[in-house]
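Undergrad: predicted model and sequence below, questions to follow.
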Amino acid sequence: MQRKFRISVEGRAYEVLVEEIAQDSSAPGPGGPLHVVTAAATAAAAAAPASATPEAHAGDEVAPLAGTVQSVDVTVGQTVAAGDKIATIEAMKMKTEVHANGAGKVVSIAVKIGDSVDTGGVLLTLA
């Protein structure tokens, strides 16, 4: 027997058809909880990264917001001072300049133009 349900996931409403295929004595009774896994939820879980934003270490310059890297304004080996512009991140059609929190020599760059970054994601490392 199929039953039609309306569910809400992250503020979006979906209509789903659920077909009962077996009666199980451990299944919830009327009014009990019903757990439904949709194809969209399964796909979202599969697309989620295995780990969240990598942990920043000493010398790492991190993204102050989530967005897309629009520019990387330094190169490996370059010396930067605190306050120097190191990158630009676009979020919601607004560009935000990222400035170095400390001074040092750029030893590695973890992103390139077009990469998506999360808040706190490592952009580059200074030594």
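TA: Received the coordinates, thanks. Treat the numbers as computed from the prediction; the structure is a model and nothing was measured.

Undergrad: residue contacts, residue 95?
TA: Taking CB atoms under 8 Å, 6 or more residues apart in numbering, we find residue 95 in contact with 70, 88, 89. Glycine gets a C-beta too; all of them are placed from N, C-alpha and C.

Undergrad: and if you look at residue 103?
TA: Going by CB under 8 Å, 6+ apart, residue 103 touches 79, 80, 81, 82, 126.

Undergrad: can we see that at 10 Å?
TA: Contacts for residue 103 were tallied using CB atoms under 10 Å, 6 or more residues apart in numbering; they are 79, 80, 81, 82, 83, 84, 126.

Undergrad: tell me which of those residues fall in strands.
TA: Using DSSP state E, the members of these that fall in strands are 79, 80, 126.

Undergrad: how about the strands in this structure?
TA: In the chain, the segments counted as strands under DSSP E are 2-9, 12-19, 60-62, 67-72, 79-80, 85-91, 94-99, 104-109, 116-117, 122-126.

Undergrad: pipe those strands into CSV and attach mean pLDDT per row.
TA: Shown next, in CSV, are the strands of the chain (pLDDT from 0 to 100):
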stretch, mean pLDDT
strand 2-9, 80
strand 12-19, 79
strand 60-62, 94
strand 67-72, 96
strand 79-80, 96
strand 85-91, 96
strand 94-99, 95
strand 104-109, 96
strand 116-117, 95
strand 122-126, 95
